[in-house]
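Participant: Show me how the following folds:
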Amino acid sequence: MVKELVVYPDDRILACTDVRDFKDESLPRLLEDMKDTMEANGLDALSAIQIAHPFNIVLIKKDGEYLEFINPRIIKKEGMFESREKTSYYPDIELTVPRYEKISLVYQDRNGEQKSMKVEDPWLSTTLQRKIDYLFGGTPLDKVDKEYREKVLEALAGKGLIPEVGDVCPTFSRKDYITSFTDKILFFMGLSLLTPLFAKWFDWSTATVSKIYLFDKIAFPLVIVLMIAYFIYAQYEAKKYKQCSSCQIGNQIGIITKRAVAALAFAIGAWLLVNPQSILWG
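Facilitator: Just a heads-up that it's a prediction; the model follows:
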């Protein structure tokens, strides 16, 4: 049976799971539906998720035969190059995407038997890579830089393909409030390290210094808690705004690491310089 293709900006493309039950009669029916859909739309390859079936299945038509890849995993890549390719998810758009000329993969057939393949044909290699991207919540646009991605999205918008407002990456995120508040705490933690100097100038009592040190003791775990909250909320946004580069985990880890390291450095400095029980005050 011919199925409707999932087309941008439909976000059903973003979630897949492995096939577990190979005895279920629905598996061969799904494979036949994929073949019918490919024939009806003149496609050489299709992932099950592209017809809204969230399973890790790829079908490729090569030399008149259908190659079935169930639960495929790429285990080796060789020879990167720039690939010119199209996909039904982005209609009438041709993309330049970094791919590998040769790959090795493991997968299962429709009976659940484990298979492996070394692919040296560049066309088959890039086609498999493109379709496997979909299985892991990605699209070809996730492989290109931000500037190029924005140009493609503008071209799609010109064709009337515009994501819903909720799917568009916001210019300001609520997680920015968390980083702003954290930075203010870090500023005062850093400022507290001048306590020995101010205490000498203004003749502060031990009680005053103790209060400042109490702030430092509270501030350090508070920064850690805020960074955990930042990461949790950032993961939520990463799922909601798939095309948002600021939601990528590498960017999140960088933001969290810098602030956590700064907090730790200030906490150690406070223990040495602000703590009334330290050698400096003894």
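Participant: what residues are up against Gly269?
Facilitator: Neighbouring residues of Gly269 by C-beta atoms under 8 Å, 6 or more residues apart in numbering: Leu193. Heads up, the C-betas are built off the backbone N, CA and C, glycines and all.
Participant: Begin at 13 from now on, thanks
Facilitator: Sure, I'll start counting at 13 from here, so that last one is Gly281.
Participant: Show the backbone phi and psi for the residue in the chain sticking out farthest from the centre.
Facilitator: What lies farthest from the middle of the chain is Asp215; by C-alpha atoms, centre = their mean that is 53.1 Å. Asp215 adopts backbone torsions of phi 60, psi 50, taken as degrees, to the nearest 10.
Participant: roughly how far apart are it and Pro208?
Facilitator: Note on Asp215: its distance to Pro208, by C-beta to C-beta, to the nearest Å, is 13 Å.
Participant: Tell me where the stretch 63-212 of the chain is predicted with low confidence.
Facilitator: Applying pLDDT under 70 to the stretch 63-212 of the chain flags residues 171-185.
Participant: any chance you could map the helices in it?
Facilitator: Along the stretch 63-212 of the chain, counting by DSSP state H, counting those that start in this stretch, helices occupy 134-147, 158-170, 187-204, 207-214.
Participant: Mean neighbour count for the ones you listed - can I get that in TSV?
Facilitator: Shown next, in TSV, are the helices of the stretch 63-212 of the chain (neighbours: other C-beta atoms under 10 Å):
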stretch	mean neighbour count
helix 134-147	21
helix 158-170	14
helix 187-204	16
helix 207-214	13
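Participant: now for those, which one comes closest to Phe34?
Facilitator: Comparing these against Phe34 with C-beta to C-beta, the closest turns out to be helix 134-147 (17.1 Å).
Participant: which residues sit against the closest one?
Facilitator: So helix 134-147 is in contact with 25, 28, 56-59, 61-62, 68, 70, 72, 74, 81, 84, 86, 93, 95, 97, 99, 101, 109, 111-115, 117, 131, 151-152, 154-155, going by C-beta under 8 Å, 6+ apart.
Participant: returning to that earlier point: the helices of the stretch 63-212 of the chain: which one's closest to Ala241?
Facilitator: Ala241 lies closest, by C-beta to C-beta, to one member of those: helix 187-204, at 6.0 Å.
Participant: and the closest one, how far out from the chain's middle?
Facilitator: Computed by C-alpha atoms, centre = their mean, to the nearest Å, the separation of helix 187-204 from the middle of its chain amounts to 26 Å.
Participant: quick check: angle from that helix to helix 207-214?
Facilitator: Between helix 187-204 and helix 207-214, the angle comes out at 50 degrees (axes from the mean of the first three to the mean of the last three C-alpha atoms, to 10 degrees).
Participant: same for helix 187-204, what does it pack against?
Facilitator: In terms of contacts (3 or more C-beta pairs under 8 Å, 6 or more residues apart in numbering; DSSP states H and E), helix 187-204 is packed against helix 218-252, helix 261-285.
Participant: so what strands line up beside the strand ranked longest in the chain?
Facilitator: The longest strand of the chain (DSSP state E) is strand 77-99. Using DSSP bridges, strand 77-99 pairs in its sheet with strand 69-74 (antiparallel), strand 102-120 (antiparallel).
Participant: Give the buried residues for it.
Facilitator: Buried positions in strand 77-99, judged by neighbour count with 16 or more other C-beta atoms under 10 Å: Leu79, Glu80, Phe81, Ile82, Asn83, Pro84, Ile86, Ser95, Glu97, Thr99.
Participant: And stretch 118-132, by the same measure?
Facilitator: For stretch 118-132, using 16+ other C-beta under 10 Å, the buried residues are Tyr119, Gln120, Val131.
Participant: related to what we said a few turns ago, wait, which of the buried residues of strand 77-99 is closest to Met239?
Facilitator: Ile86 (32.9 Å).
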